[in-house]
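Enquirer: Have a look at this fold, sequence not included:
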């Protein structure tokens, strides 16, 4: 199974938003090892939020490694693999927003980076899945709190 997102997506809880949804349209990723979608319409109540435009982008880009790393060779004496490469995947959300009324839009970047040690895809795939499940669950659970914290500065 590959990374496939279907439109619309349901947003997680945020203070002041009611049933947020986001309609996605396929877009061209900045590089060949990525997939990108643009948020072309908003649903639910999201007063003050806007969909994608040239001047104020709203995109999600998923990027995989260009060259996958494999597990190094164990030391013939100790059996230890001293150098373990990492395969880095990223999800980047770009959202234009105005820093002050009357000003031009500035792009906010939200990046999730998955830094997976080479070889774990074969030796412990369940551990990768558990880490992702917990990470995404944590973000989902604290979504409104993250929004409140990034707006108020109070953690």
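Expert: Ah, there it is. Being a predicted model, the structure only gives us computed values, none of them experimental.

Enquirer: wait, what's in contact with residue 23?
Expert: Residues counted as contacts of residue 23 (CB atoms under 8 Å, 6 or more residues apart in numbering) are 7-8, 39-43, 51. From N, CA and C alone the C-beta is placed, and that goes for glycine too.

Enquirer: can you rerun that using 6 Å?
Expert: Contact analysis of residue 23 by CB atoms under 6 Å, 6 or more residues apart in numbering lists 7-8, 40-41.

Enquirer: Please apply the same query to residue 92.
Expert: The contact partners of residue 92, by CB under 6 Å, 6+ apart, come to 61, 111.

Enquirer: go again using 8 Å as the cut-off
Expert: Going by CB under 8 Å, 6+ apart, residue 92 touches 60-61, 63, 109-111.

Enquirer: And those residues, which two are furthest apart?
Expert: Using CB to CB, the contacts of residue 92 span at most 13.8 Å, a distance reached by 63 and 110.

Enquirer: can you put the contacts of residue 23 in TSV and add secondary structure, distance to residue 79 and pLDDT?
Expert: TSV is the format used below for the contacts of residue 23 (DSSP: H, G, I helix; E, B strand; the rest coil; distance: CB to CB, whole Å; pLDDT from 0 to 100):
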residue	secondary structure	distance to residue 79	pLDDT
7	coil	49	94
8	coil	51	95
40	strand	54	97
41	strand	56	96
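
Enquirer: ok so, going back, and the contacts of residue 92, which of them are buried?
Expert: Neighbour-count burial (16 or more other CB atoms under 10 Å) applied to those gives 60-61, 63.

Enquirer: for those, which one is nearest residue 154?
Expert: residue 60 (27.9 Å).

Enquirer: Any idea what that closest one is bridged to?
Expert: Going by DSSP bridges, residue 60 is paired in beta bridges with residue 37, residue 93.

Enquirer: got a list of what it touches?
Expert: By CB under 8 Å, 6+ apart, the residues touching residue 60 are 5, 24, 36-37, 39, 91-94.
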